[in-house]
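# With the input below, show me the fold.
(one chain, ligands or ions: 1)
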Amino acid sequence: MKISVIGVGYLGAVHAASMAELGHDVIGLDIDAPRVQRLTAGEAPFHEPGFAALLRRGLDSGRLRFTTDHDELADADAHFLGLGTPQRADGFGADLSALHAAVDALATVLSRRGGTPTIVVGKSTVPAGTARDLAVRLEQVPGVRLLWNPEFLREGYAVRDTLSPDRLVYGVRHPESSGADGQAGDGQRAGAEGDASGSSELEVGMLDAIYAPLLEAGVTRLVMGFEAAELVKVSANAFLATKISFINAIAELCEATGADVTDVAGALGMDDRIGGKFLRAGVGFGGGCLPKDIRALIAGAEDLGLGQSVGFLREVDAINQRRRVRVVEMAREMLGPLRGRRITVLGAAFKPDSDDVRDSPALEIASRLMAAGAQVTVTDPEALENARHHVEGLVTVADTAEALRGAELVMLLTEWRRYRDLHPAEAAALVAAPRIIDGRTVLDPRAWREAGWDLRALGRPGDPAASPVAPVRLLAGT
Ligand SMILES: NC(=O)c1ccc[n+]([C@@H]2O[C@H](COP(=O)([O-])OP(=O)(O)OC[C@H]3O[C@@H](n4cnc5c(N)ncnc54)[C@H](O)[C@@H]3O)[C@@H](O)[C@H]2O)c1
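Numbers count the residues shown, from 1 in each chain. You can find the predicted model right below:
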């Protein structure tokens, strides 16, 4: 099928190349001309494992190309929307301006197709109600139908998650008449304005044809109403954020009582009702999705007069922010006043295997240390260029050993494998003083302490040898 992908950032570029891999004829459109030029030249504009090879294969096959010209979209039968939906500058809500601008431009192109069946497929993460609004506008164009097909990919695994997702969710206007095979239906309301047929069969069939290789491979496809599809995505992110902040709240209790949060998390995770994923204490979540998605969910609920229903997400956000402050306090506890002290931060990306620095805990902490007068050096395998654009005056060093040389404190803030695998004795030989904060709870404290390091971690006791009487506080009563 002929497909377009509008907005070729992290999501859209991976989606475009993946659809070409499935055999479709794909054109990716973006208003960012340098990005389009780089993609056209086969150069990945971001670091994502497997993406560069996928891009190359798509370009070489002749099935993948990129443009800034909307007229080139005219013969596509399906258009995927991969626009950014960041937090608004004036509050918690999602900024949908890029999505609206893209839909306006697309509607003009679609109106020239003379009623040929065409689907528009939203992939961006949006507040509930967005698809229904956009459908009213788009479906005025004869032959055009909208679906919302939220994307669940994780940066670092984006290619794998796109080509082998846990599930496909289709949000449609009429879920109960979608022609879906027993997986459909949450009873969402149907028969909305501007739709003559009252059926979603056509658009579901067209999207099934695009994803045919995934469906044949056994991926489950769930058809539901627009609002349910929109809510699945934001709820998934809110749940993950809650799990992370939950263990970080427990880490705060562990710090006060002398318990080790890894003991608590390890035992908790063995309960299948809970599961061990997303229970690693540390400096918390960041990136272009979780923080803005929970805030958009709060804003959307407040607009509906339901602020109380998701009030706990404000606390989830607050716990997450508190960890970033706490780790700077920990640096002060180890070094005293930070002015002039040499601190090396391991990691700049918000997570390993990505160069994305949007709302990166590592960079925010580096900025806080710099604001306190510390001489900060940041190292990261992939994200230094983005980091320098993000934080003015940031000192970066690509080589890990060089970055460690002369440090009075090392802070591991993004758990790239190369930092998790650092050799404690070799690292000790490079630094000015062997002090480390493990902000991701990934190092073995015993091995590091045996090599002479003063290691601290969020939610874990300090070195028992250094302070034999732990500062234990009781949580209740006595
Ligand atoms: N990045 C992820 O891991 C991920 C995962 C799941 C869902 N999402 C969601 O997907 C959406 C996109 O996220 P992203 O991380 O890819 O964002 P991004 O900022 O990397 O990409 C957005 C792209 O849209 C382009 N754009 C802006 N206005 C445009 C217009 N009018 N016409 C055409 N292109 C335009 C931008 O130039 C940019 O290249 C968001 O809603 C996000 O929440 C992202």
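
# Mind listing what's buried along the one helix or strand residue 204 maps to?
Element membership for residue 204, per DSSP states H and E: helix 201-210. Neighbour counts over helix 201-210 (16 or more other C-beta atoms under 10 Å) mark 203, 204, 206, 207, 208, 210 as buried. Just so you know, the C-beta spots here come from the backbone N, C-alpha and C atoms, and that holds for glycine as well.

# and the gap between the last one and residue 404?
Here the distance between residue 210 and residue 404 works out to 48 Å (C-beta to C-beta, to the nearest Å).

# nearest spatial neighbour of residue 415, skipping sequence neighbours?
Closest residue to residue 415 apart from its sequence neighbours, by C-beta to C-beta, 6 or more residues apart in numbering: residue 440 at 4.1 Å.

# Report how many residues lie close to that neighbour.
Here the count is done by other C-beta atoms under 10 Å, and residue 440 has 27 residues near it.

# Settle this for me: it is touching residue 411, isn't it.
No: with contact defined as C-beta atoms under 8 Å, residue 440 does not reach residue 411; the gap is 10.0 Å.

# Run through the strands of the chain in chain order.
Per DSSP state E, the chain carries strands over the ranges 2-6, 25-29, 64-67, 78-81, 118-122, 144-148, 167-172, 220-225, 342-346, 375-379, 395-396, 409-412, 435-438, 454-457.

# now the residue nearest to residue 415: how far from residue 341?
Residue 440 sits 22 Å away from residue 341, going by C-beta to C-beta.

# ok, and of the buried residues of helix 201-210, which contact the ligand?
With C-beta under 6 Å from any ligand atom as the criterion, the buried residues of helix 201-210 include none near the ligand.

# Any chance of CSV for the residues you listed, columns pLDDT?
Shown next, in CSV, are the buried residues of helix 201-210 (pLDDT from 0 to 100):
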residue, pLDDT
203, 95
204, 97
206, 97
207, 98
208, 98
210, 98
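
# now, among the residues you listed, which is nearest to residue 316?
If you rank those by distance to residue 316 using C-beta to C-beta, residue 207 comes first, at 33.0 Å.

# these two touch, right, the closest one and residue 149?
Yes: with contact defined as C-beta under 8 Å, residue 207 and residue 149 form a contacting pair (6.7 Å).

# Between the two, which contacts overlap?
The contact sets of residue 207 and residue 149 overlap at 121, 170 (C-beta atoms under 8 Å, 6 or more residues apart in numbering).

# Which stretches in the stretch 251-400 of the chain count as helices?
Here the stretch 251-400 of the chain has its helices, by DSSP state H, counting those that start in this stretch, at 261-269, 290-303, 312-335, 361-371, 384-390, 400-404.

# The first one - what's its average pLDDT?
Spelled out, it's helix 261-269. Helix 261-269 shows a mean pLDDT of 97 in the predicted model.

# Write out the residues of the stretch 201-350 of the chain neighbouring the ligand.
Residues of the stretch 201-350 of the chain found near the ligand (C-beta under 6 Å from any ligand atom) are 288, 289.

# Contacts only, for the residue in the chain positioned nearest to the ligand.
The chain approaches the ligand most closely through residue 9 (1.8 Å), counting by C-beta to the nearest ligand atom. Shown in contact with residue 9 (C-beta under 8 Å, 6+ apart): 30, 35, 46, 82, 84.

# And residue 385, by the same measure?
The contact partners of residue 385, by C-beta under 8 Å, 6+ apart, come to residue 355.

# where's it relative to residue 356, distance?
12 Å.

# again, but for residue 463
34 Å.

# Looking at these two, which is more packed in?
Legend: neighbour count by other C-beta under 10 Å for residue 463 and residue 356, higher for residue 356 (24 against 15).

# My read is that that one contacts residue 382, right?
No: the criterion here is C-beta under 8 Å, and residue 356 misses it with residue 382 at 9.4 Å.

# okay, and the common contacts of those two?
Contact with both residue 356 and residue 382 is made by residues residue 349, according to C-beta under 8 Å, 6+ apart.

# any weak-confidence spans in this structure?
179-197, 465-478 (pLDDT under 70).

# Going by the annotation, which residue ranges form each domain of it?
Per the record, the chain has its domains at 2-228, 238-457, by automatic domain parsing.

# Can you get me the start-to-end distance on the last one?
With C-alpha to C-alpha, to the nearest Å as the measure, the ends of domain 238-457 fall 25 Å from one another.

# try stretch 336-345
OK, stretch 336-345 end separation, C-alpha to C-alpha: 18 Å.

# Which residues outside stretch 231-248 are in contact with it?
125, 127-128, 150-152, 169, 224, 261, 264-265, 268, 277-282, 284-285, 289-291, 293-294, 296-297, 300, 310, 312-313, 315-317, 319-320, 322-323, 458-459.

# same deal with stretch 322-342?
Contacts with stretch 322-342, where a contact means C-beta under 8 Å, 6+ apart, come from 248, 251-252, 282-284, 343, 361, 364-365, 368-369, 372-375, 377, 406-409, 411, 413, 432, 435, 437, 439, 454, 456, 458.

# that older thread, now the strands of the chain as TSV including mean neighbour count and distance to residue 237?
Below are the strands of the chain laid out as TSV (neighbours: other C-beta atoms under 10 Å; distance: least, C-beta to C-beta, whole Å):
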stretch	mean neighbour count	distance to residue 237
strand 2-6	25	22
strand 25-29	25	25
strand 64-67	22	28
strand 78-81	26	18
strand 118-122	25	16
strand 144-148	26	15
strand 167-172	23	14
strand 220-225	22	17
strand 342-346	26	26
strand 375-379	24	27
strand 395-396	18	30
strand 409-412	27	25
strand 435-438	26	26
strand 454-457	22	26
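
# want to throw the ones you listed into TSV with distance to residue 304?
Supplementary listing: these in TSV, determined by distance: least, C-beta to C-beta, whole Å:
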stretch	distance to residue 304
strand 2-6	29
strand 25-29	34
strand 64-67	39
strand 78-81	24
strand 118-122	20
strand 144-148	19
strand 167-172	18
strand 220-225	16
strand 342-346	41
strand 375-379	41
strand 395-396	44
strand 409-412	41
strand 435-438	41
strand 454-457	40
